[in-house]
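>>> my questions concern the predicted model and sequence given below.
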Amino acid sequence: MTASYAFDADIVRKYDIPGPRYTSYPPAPQFSGEFTEQTLRDHIRRSNAEPIPRRLSLYLHIPYCFSPCFYCGCNRVITRDRTKGRHYMERLVREIEAVGALFDRDREVVQLHMGGGTPNFLRPDELQEILESIDSHFRVSLSDTRDFSIEIDPRFIDPADIAAYAHLGFNRASLGVQDFDPEVQRAVNRVQSVEQTLAVIDACRLRRFRSVNVDLIYGLPMQTLAGFERTLDIVLKVRPDRLAIYSYAHLPELFKAQRQIDPSTLPTPETKLELLSLAIERLSAAGYEYIGMDHFALPEDPLALAQANGTLHRNFMGYTTHADCDLVGLGVSAIGHIGDCYSQNARDLPTWEASLDCGRLPVWRGLELDFDDLLRSELIEQLMCFGRIDIASLERRYEIDFQSYFAGELQQLQPLIDDGLAIADNRTICATSRGRLLLRIIAMCFDRYLHSAPPGVSRYSRAI
Amino acid sequence: MSAPRGRMPPRPYTDDGDELHFCTTCAFSSACLSSGYDKAHLRELHVLVEHVGPYKEGEHIFREGDPFNVIAAVRSGTVKTYVIDNEGREQVLGFFLPGEVIGLSAISHAKYPCNAVALESVLLCRFSFPNIAALATRMPGLQQRLFTLLSEDINKAALLAGNFTADERMAAFLVSLSRRYAARGLSARRFMVAMTRTDIANYLRLASETVSRVFRRFQDDGLLRVDRRDIELLNPEKLEELAKNVLRE
């Protein structure tokens, strides 16, 4: 089932409203400090006790960056002092030991993702110590379907290090590019040449990485259609297996780095729409499938195949082919999803470090999902992955009558149906090709927490 | 903390009895009714039928060596009985579902010979054993019912003693759960397993990993669907077939 996608400027303009990205439901702002280390331990124990305990997916957060990109809203720490990396690695290894001990040994790690920050802030030998620790405290799958991925900042890596990464087991890479236009690069404080970027991609291919993902961003300061088109030309020529086209959300009240950006240099909403339209047109012409939200993939890529055969999933790391995994978040600010709970580690380094130093798990906050949360999270995941809600499967699995359970939500959905974003019958609710780019708007109709959000500064970026 | 409720709506507690009516899961209602007694009569006979609980997950209902004076019917939830052997290892004796009676194995002793622990939130209906035994002498149906419960309890423990394969043991376990739920008017095809896989493994005398492997294989073969603790039997006939050696049918 490969859905088409169509760009309709009027519709996109009308529905350009802030909303969650639904890498989790309920979204992280709902997490609560009442969720403690003990709650997490209880959920892990319960997850071990299931008839078929789920396999594991590990996310490791490396918070350091050498230099601040002004658009960034991630949790990161800027430093040039590489010794900080070693100290961080040593504590991360302690967290791996402590958390690994809680999981039964027959639970295989089939997916590992290292994100940041900049994972390549750490030297290959430091990454090696982390992976060796994982190997001794978890059971790591030896299957060739396992996914070990790492985010790479091409500005700070010797392409020769890619061989070391491959040796450590990494088989997927994700590279930040954003835009090759030098004007844009200066405006966001991220000057990165085409040559160094392509050298890293070449090295990944030489080392037989199974896929290379490239991130682009539209809506950046100084961005023009002509400049972005040149970026797309260069990127499409190397045909990355996956592409993410993120929208830049200017929220300087929330993200300090963004205060460095002169708002007068930001493209107008009209230009931003044209940038998105251009990207979609070019990717579509180049044969990329639209996976959902900001993600595109070549038709033969496992993500596109998983979407076609109904096994695609979505979690904090984005889209994934690994179903039924408990997600273990390690490192400062990392989020996990184990059993029916979400948990997040301390967001600041001193607290994260202090917890580990006194032998505690660095849990900051989390959420235990109740029946309604589970139902809605599955519904929203279906929507995000396949652009459709399978009413019959939800009714069977949750023993509900969909039409009456979601009577209010279906009323909210009606204007979207009238605008041609979705079609609904008794069995499915389906995003149309126009609605495919606005999945989160459809999902928002089913978000119970959205209506109870406190007024004031929006926590969420706009849809486009 | 609240127990995660999983992907099925919270089960209604089978706590639907009142002063004048039996709960639908009551272990004794049919015996009493067939003898011409209803709950109002039982009250008059000063048989204390005491609703107790909820016991929280992990909470003990009785421990080995406690003086025996009551038996209890499970109204809601799952109870595990176990003993600790001389090497300090736990040996799971059995699981008790709604409508089933715990404490029967104590009848010949003055003390409970095992521990009973709630695996999830558990509600019980407690009977004074001397009183119910006295009542049974005047109520042949009730006496019959007690004998049946006793012999079931003895047989249950003996079933798994044979030389059976892991598949046979697991199939027998699932078929037994299915039949017991069905007997109380609950779904025979879809139910939650409250017991941990370690408990199941211990009870079936298998390794935990084996329990999961067999569940996974049964699922791959289309015999059942496992969604967390929610089990749906897709091919009960095949499971019955696999279970028949263990269940002596």
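Looks like it arrived, so ask away.

>>> in the chain, where is pLDDT below threshold?
No chain was given, so I picked chain A. A:1-6, A:452-464 (pLDDT under 70).

>>> actually it's chain B I care about, not the one you picked
Looking at chain B by pLDDT under 70, you get B:1-48, B:153-159.

>>> so A:Leu273 sits against A:Arg13, correct?
Yes - if you go by C-beta atoms under 8 Å, A:Leu273 and A:Arg13 touch, sitting 6.6 Å apart. C-beta: built from backbone N, CA, C; applies to glycine.

>>> who has more neighbours out of these two?
Between A:Leu273 and A:Arg13, A:Leu273 has the larger neighbour count (other C-beta atoms under 10 Å in any protein chain shown), namely 20 against 12.

>>> roughly how far does the nearest residue to the more buried one once chain neighbours are set aside sit from A:Gly387?
Closest residue to A:Leu273 apart from its sequence neighbours, by C-beta to C-beta, 6 or more residues apart in numbering or on different chains: A:Ala9 at 5.4 Å. Computed as C-beta to C-beta, to the nearest Å, the A:Ala9 to A:Gly387 distance reads 20 Å.

>>> these two - which one has more neighbours?
Comparing A:Ala9 with A:Gly387 by other C-beta under 10 Å, the one with more neighbours is A:Gly387, at 25 against 12.

>>> who touches the nearest residue in space to that one that is not next to it in sequence in this structure?
Nearest residue to A:Gly387, sequence neighbours excluded (C-beta to C-beta, 6+ apart): A:Ala431, at 4.1 Å. Residues near A:Ala431 by C-beta atoms under 8 Å, 6 or more residues apart in numbering or on different chains: A:3, A:383, A:387-388, A:421-422, A:438-439, A:442.

>>> among those residues, which are in strands?
A:388, A:422 (DSSP state E).

>>> now the two most distant members of the contacts of A:Ala431.
Farthest pair in the contacts of A:Ala431 (C-beta to C-beta) is A:Arg388 and A:Leu438. Separation: 13.9 Å.

>>> look at those two and report which has more neighbours.
When A:Arg388 and A:Leu438 are compared on other C-beta under 10 Å, the one with more neighbours turns out to be A:Leu438, at 26 against 19.

>>> quick one, what contacts that one?
Counting by C-beta under 8 Å, 6+ apart, the residues that A:Leu438 touches are A:11-12, A:15, A:421, A:431, A:463.

>>> secondary structure for those - can I get that in TSV?
Formatted as TSV, the contacts of A:Leu438 follow (DSSP: H, G, I helix; E, B strand; the rest coil):
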residue	secondary structure
A:Ile11	helix
A:Val12	helix
A:Tyr15	coil
A:Leu421	coil
A:Ala431	strand
A:Ala463	coil
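
>>> in which helix or strand does B:Ala72 reside?
B:Ala72 belongs to strand B:70-76 when assigned by DSSP states H and E.

>>> establish whether the helix or strand that that strand is followed by and chain A are in contact.
Downstream of strand B:70-76, the next assigned helix or strand under DSSP H and E is strand B:79-84. No - using C-beta under 8 Å from any C-beta of the partner chain, strand B:79-84 stays clear of chain A, with a minimum separation of 12.3 Å.

>>> just checking, next helix/strand downstream of strand B:79-84?
In N-to-C order, the element after strand B:79-84 by DSSP H and E is strand B:90-96.

>>> strand partners (parallel or antiparallel) of that following strand?
strand B:79-84 (antiparallel) (DSSP bridges).

>>> using neighbour counts, pick out the buried residues of the partner strand.
Neighbour counts over strand B:79-84 (16 or more other C-beta atoms under 10 Å in any protein chain shown) mark B:79-82 as buried.

>>> now it: how far from the chain's centre is it?
With C-alpha atoms, centre = their mean, to the nearest Å as the basis, strand B:79-84 stands 12 Å off its chain's centre.

>>> for it, C-alpha coordinates in PDB please.
Only the C-alpha atoms of strand B:79-84 are listed here, as PDB (Å, rounded to 0.1, in the frame of the first residue of the first chain):
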ATOM      1  CA  VAL B  79      -3.900 -16.500  42.900                       C
ATOM      2  CA  LYS B  80      -0.700 -18.500  42.800                       C
ATOM      3  CA  THR B  81       0.100 -21.200  45.400                       C
ATOM      4  CA  TYR B  82       3.700 -22.200  46.000                       C
ATOM      5  CA  VAL B  83       6.100 -23.700  48.500                       C
ATOM      6  CA  ILE B  84       9.800 -23.100  49.100                       C
END
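
>>> and the strands in chain B?
B:49-55, B:60-62, B:70-76, B:79-84, B:90-96, B:101-102, B:115-118, B:122-128, B:190-192, B:224-227, B:230-233.

>>> who touches the fourth one?
This means strand B:79-84. B:61, B:64, B:90-96, B:102, B:105, B:113-119, B:122, B:195, B:199, B:202.
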